[in-house]
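Asks: Compute the structure for the input listed below.
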Amino acid sequence: MSLKAENLFDISGRVALVTGGSSGIGKMIASAFVANGARTYIVGRDAGRLEAAVAELRGLGDCVALQADISDVAGIEGLAAALGGREDRLDILINNAGASWVAPFERFPEAGWDKLFNVNVKSPFFLVQKLLPLLRAAAAKECWARVINISSTSARSGAASTLVYGASKAALEQLTQAMAKTLGADRITVNAIAPGWFPSRINDRNPKEVGERWKAEAPLQRFGTAEDIGGLAIFLSSRAGAFVDGQVIDINGGRTGS
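Replies: Purely as a prediction, here's the structure:
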């Protein structure tokens, strides 16, 4: 047993897959993994954005792009097959890919509902299911396999502006806890991270004053950074976080409520 930080937080040599890894929070987590020696696969639909992200991250370490549309099971199966053709195990799965859709309650469309629940809830479930053989192969090693779902503080804020988005993330948090109970016997931990405001393509769609108001109401008076989210993801993926399971961890600068 070693309590030195370089052992507690070591993820070098591990295999990680980050969905939505070409921008925003996904890219921040992928950057932290690559910089700390994990062989990291980033997944996205946009080939150009993936190529640009990989070109940047390869300066830090080992990063590979896998283009896939994971909004349906066929796409997820294709991704699992592609990864299985390259790796015999998957140590860390980050379910980060997400969708947003904003519309007034009385005009919110069925298409918006379906997109949010398909991407934010169904995709993480079936990704874990289809990647389970690779996760189990990693779990046979000394350090258990890890699944981290990226939720949102909107899951519990009850804000009208994120009505359906928040409901989909609340479902993801319940799914996280249920999967943790289901997969513990397989030596796979499942946790969720619920970020507040981080720079991302989704948040960039909001008017600037919305973000500034959020920052003003946060006790730490700032937005989240790659160091913040990357450090938490490393903790949950390393020996230091091995006894954390079925948890939802807020990372929001102390800001609570809607």
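Asks: Asn7 touches Cys143, doesn't it?
Replies: No - Asn7 is beyond contact range of Cys143, at 10.8 Å (criterion: C-beta atoms under 8 Å). C-beta coordinates here come from the backbone N, C-alpha and C atoms, glycine included.
Asks: Common neighbours of those two, please.
Replies: Common contacts of Asn7 and Cys143 (C-beta atoms under 8 Å, 6 or more residues apart in numbering): Arg239.
Asks: Between those two, point out the one with more neighbours.
Replies: Cys143 (17 against 12; other C-beta atoms under 10 Å).
Asks: give me phi/psi at the more buried one?
Replies: phi -100, psi 120 (degrees, to the nearest 10).
Asks: Could you find the closest non-adjacent residue to it?
Replies: Arg239 (6.1 Å; C-beta to C-beta, 6 or more residues apart in numbering).
Asks: How about the contacts made by the one you found?
Replies: Contact analysis of Arg239 by C-beta under 8 Å, 6+ apart lists Asn7, Leu8, Phe9, Asp10, Cys143.
Asks: Test my guess that Leu50 contacts Ala65.
Replies: Yes - at 4.1 Å, Leu50 counts as touching Ala65 under the criterion of C-beta under 8 Å.
Asks: what do these two both touch?
Replies: Ser22, Ile42, Gly44.
Asks: Contact partners for the last one?
Replies: Yep, that's Gly44 we're talking about. By C-beta under 8 Å, 6+ apart, the contact set of Gly44 is Thr19, Gly20, Gly21, Ser22, Ser23, Leu50, Ala53, Ala65, Gln67, Ala68, Ala97.
Asks: so which two of those residues are the farthest from each other?
Replies: By the measure C-beta to C-beta, Ser23 and Ala68 form the most distant pair in those, at 15.4 Å.
Asks: Any idea which helix or strand in this structure has the lowest mean pLDDT?
Replies: helix 201-204 (a mean of 70; mean pLDDT, DSSP states H and E).
Asks: can you give me the helices in this protein?
Replies: For the chain, the helices defined by DSSP state H occupy 5-8, 24-35, 47-57, 73-84, 110-117, 123-130, 132-139, 154-157, 163-183, 201-204, 208-217, 226-237.
Asks: buried sites along the fifth one?
Replies: For helix 110-117, the neighbour count (16 or more other C-beta atoms under 10 Å) marks Gly112, Lys115, Leu116, Phe117 as buried.
Asks: what bits of the stretch 101-250 of the chain have low per-residue confidence?
Replies: Regions of the stretch 101-250 of the chain meeting the criterion pLDDT under 70 cover residues 141, 204-206.
Asks: thinking Tyr165 is in contact with Trp113, fair?
Replies: No - under the criterion of C-beta under 8 Å, Tyr165 is not in contact with Trp113, lying 10.2 Å apart.
Asks: quick one, phi psi at Asp46?
Replies: phi -90, psi 110.
Asks: which non-adjacent residue is nearest it?
Replies: Asp46 sits nearest to Ser22 (C-beta to C-beta, 6+ apart), 6.7 Å away.
Asks: again with Ser23
Replies: Nearest residue to Ser23, sequence neighbours excluded (C-beta to C-beta, 6+ apart): Arg201, at 5.5 Å.
Asks: repeat for Ser168
Replies: Nearest in space to Ser168, with sequence neighbours left out and distances taken as C-beta to C-beta, 6+ apart, is Asn120 at 3.9 Å.
Asks: now Val248
Replies: Per C-beta to C-beta, 6+ apart, closest to Val248 is Ala192, 4.5 Å.
Asks: in the protein, which residue is closest to the centre?
Replies: Asn96 (2.9 Å; C-alpha atoms, centre = their mean).
Asks: is it true that that residue touches Ser22?
Replies: No - applying C-beta under 8 Å as the test, Asn96 and Ser22 come out as separate, 10.4 Å apart.
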